[in-house]
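Novice: Let me see the structure of the following:
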Amino acid sequence: MDSSGKIIWAKYNEIQTVNIRSVGADFEAIDGERLPLAVKELGSYDLYPQSLRHNPNVRFVVVCEDGEYIIYTALAWRNRSFGSALEFVWSSDGEYVVRESTSRIKLFSKSFQEKKSIRPTFSVERIFGGTVFAMCLNDFICFYDWAECRLIRRIDVNVKHLYWADSGDLVAIASDTSFYILKYNRDIVSSFLDSVIPADEQGVEDAFELLHETNERVRTGLWVGDCFIYNNSSWWLNYCVGGVVTTMFHLDRPMYLLGYLAGQSRVYLIDKEFNVIGYTILLSLIEYKTLVKTSIILDKRGFPSIRR
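Specialist: Numbers count the residues shown, from 1 in each chain. This next block holds a predicted model:
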């Protein structure tokens, strides 16, 4: 789902789209009830698409299927580029990386031109995009910069998924049984990249700072500011601010997070039957809890606190 409420999905070999805003301002949304959305057909494929994903500015959508990818314009659904890929991930500014095999990774510019081809020193099982891109094996993950593919940091953890905040300063690493909230120290990394000092096999020591660890399995997740929203293995819809987890709703069936519309203060999910469901999560409450938690941290560190 993009920031305007437009959703694109693959139903068997058909590509379809709906728009949450199409229900109109007069519609009274009720938490947990299905939205009456009109489905529009965009196209079809000979094979079943395995994944679809908007790029950060939502101008393009990539469709991955059977070892190949195709990049389309999001509005007119025109083909802009294609190639071979077992996996495809976007950067935070529109560049992208493809994994052609366990031993070949290619980086592309925003104009769809190949920038670099690399052969990692280990067999790559997964790749992740975001502020920096990452490659991982089953028991560790390595982060690299987009420009030169220099190692930023290796972290020894089993990674199932990564979730970057829009600010690029926070990332959630989800494993089989836990998730970790880390702060990305952009200035420290930039200073390292500007220097000629080679990194050791672990990378830049202070590139990431562990803020919180929570013993819950994340099924799907997303960020709203500094608040991490996720559903866990019991299909509870939770959010985490400053390491404190709050349960908002107990879902009655498996659902998967699509996105958050700040103008409506609602988070949207989808079930396996392509029903789109919304729940109210007040942005003002999230911002308040974030502010309170930040104030407590500053106070503990010796900064003057503000009290009424």
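Novice: Below-threshold pLDDT in the stretch 201-308 of the chain: ranges please.
Specialist: Scanning the stretch 201-308 of the chain for pLDDT under 70 picks out 293-308.
Novice: Beta-bridge partners for the closest residue in space to Tyr256 that isn't next to it in sequence, please?
Specialist: Nearest non-adjacent residue to Tyr256, counting by Cβ to Cβ, 6 or more residues apart in numbering: Thr220, 4.8 Å away. To be clear about C-beta, it is placed using only N, CA and C from the backbone, and glycine gets the same treatment. Taking DSSP bridges as the rule, Thr220 bridges to Asn231.
Novice: now swap in Lys11 and tell me
Specialist: Going by DSSP bridges, Lys11 forms beta bridges with Glu14.
Novice: any idea how far it lies from Ile71?
Specialist: 21 Å (Cβ to Cβ, to the nearest Å).
Novice: Looking only at neighbour counts, state which of those two leads.
Specialist: Ile71 (19 against 13; other Cβ atoms under 10 Å).
Novice: Find the helix or strand that the more buried one is a member of.
Specialist: Assigned by DSSP states H and E, Ile71 falls within strand 68-73.
Novice: Other residues contacting that strand?
Specialist: Contacts to strand 68-73, defined as Cβ atoms under 8 Å, 6 or more residues apart in numbering, come from residues 59-63, 78-85, 88, 98, 112.
Novice: among those, which are in strands?
Specialist: Mapping the contacts of strand 68-73 onto strands (DSSP state E) picks out Phe60, Val61, Val62, Val63, Asn79, Arg80, Ser81, Phe82, Gly83, Ser84, Phe88, Val98.
Novice: Now do the same contact list for the nearest residue to Lys289 once chain neighbours are set aside.
Specialist: Leaving aside its chain neighbours, Lys289 sits nearest to Val241 (4.6 Å; criterion: Cβ to Cβ, 6+ apart). Shown in contact with Val241 (Cβ under 8 Å, 6+ apart): Asp226, Cys227, Phe228, Ile286, Lys289, Thr290, Lys293.
Novice: Please identify which of those residues is nearest to Gly130.
Specialist: Phe228 (14.1 Å; Cβ to Cβ).
Novice: pretty sure that closest one contacts Ala174?
Specialist: No: applying Cβ atoms under 8 Å, one finds Phe228 not in contact with Ala174, separated by 10.0 Å.
Novice: Give the residues shared as contacts by the two.
Specialist: When contacts are counted by Cβ under 8 Å, 6+ apart, Phe228 and Ala174 have Tyr163, Gly221 as shared neighbours.
Novice: on that earlier part again, now restrict the contacts of strand 68-73 to buried residues only.
Specialist: The neighbour count (16 or more other Cβ atoms under 10 Å) marks Phe60, Val61, Val62, Val63, Ala85, Phe88, Val98 as buried among these.
Novice: In contact with the first one, which residues?
Specialist: In other words, Phe60. His54, Ile71, Tyr72, Thr73, Ala74, Arg80, Gly94.
Novice: give me that answer again for 10 Å
Specialist: 53-54, 71-75, 78, 80-81, 90, 94, 96, 110, 112 (Cβ atoms under 10 Å, 6 or more residues apart in numbering).
Novice: Please apply the same query to the third one.
Specialist: Contacts for Val62 were tallied using Cβ under 10 Å, 6+ apart; they are 49, 51-55, 69-72, 80-82, 85, 88-90, 96, 98.
Novice: The fourth one now?
Specialist: Contact partners of Val63, counting by Cβ under 10 Å, 6+ apart, are 8, 10, 15, 43, 45, 49-53, 69-72, 79, 82, 88.
Novice: Tell me what the residue nearest the centre of the chain is bridged to.
Specialist: Nearest residue to the geometric centre of the chain (Cα atoms, centre = their mean): Tyr163, 4.1 Å. On the basis of DSSP bridges, Tyr163 is bridged to Ala172.
Novice: Can you spell out the domain ranges of this structure, please?
Specialist: Using automatic domain parsing, the domain parsing of the chain gives 6-218, 219-303.
Novice: Show me where the stretch 201-308 of the chain has its strands.
Specialist: For the stretch 201-308 of the chain, applying DSSP state E, counting those that start in this stretch gives strands covering 208-214, 218-224, 227-232, 236-241, 244-250, 256-261, 266-270, 276-280.
Novice: mind listing the helices for the stretch 1-150 of the chain?
Specialist: Using DSSP state H, counting those that start in this stretch, no helices are found in the stretch 1-150 of the chain.
Novice: What ranges in it fall below the confidence cut-off?
Specialist: Counting by pLDDT under 70, the ranges of the stretch 1-150 of the chain that qualify are 25.
Novice: go again using 50 as the cut-off
Specialist: For the stretch 1-150 of the chain, not a single residue meets the criterion pLDDT under 50.
Novice: Next, work out how far apart the nearest residue to Leu182 once chain neighbours are set aside and Arg266 are.
Specialist: Leaving aside its sequence neighbours, Leu182 sits nearest to Phe208 (Cβ to Cβ, 6+ apart; 4.5 Å). Distance, Phe208 to Arg266, using Cβ to Cβ: 32 Å.
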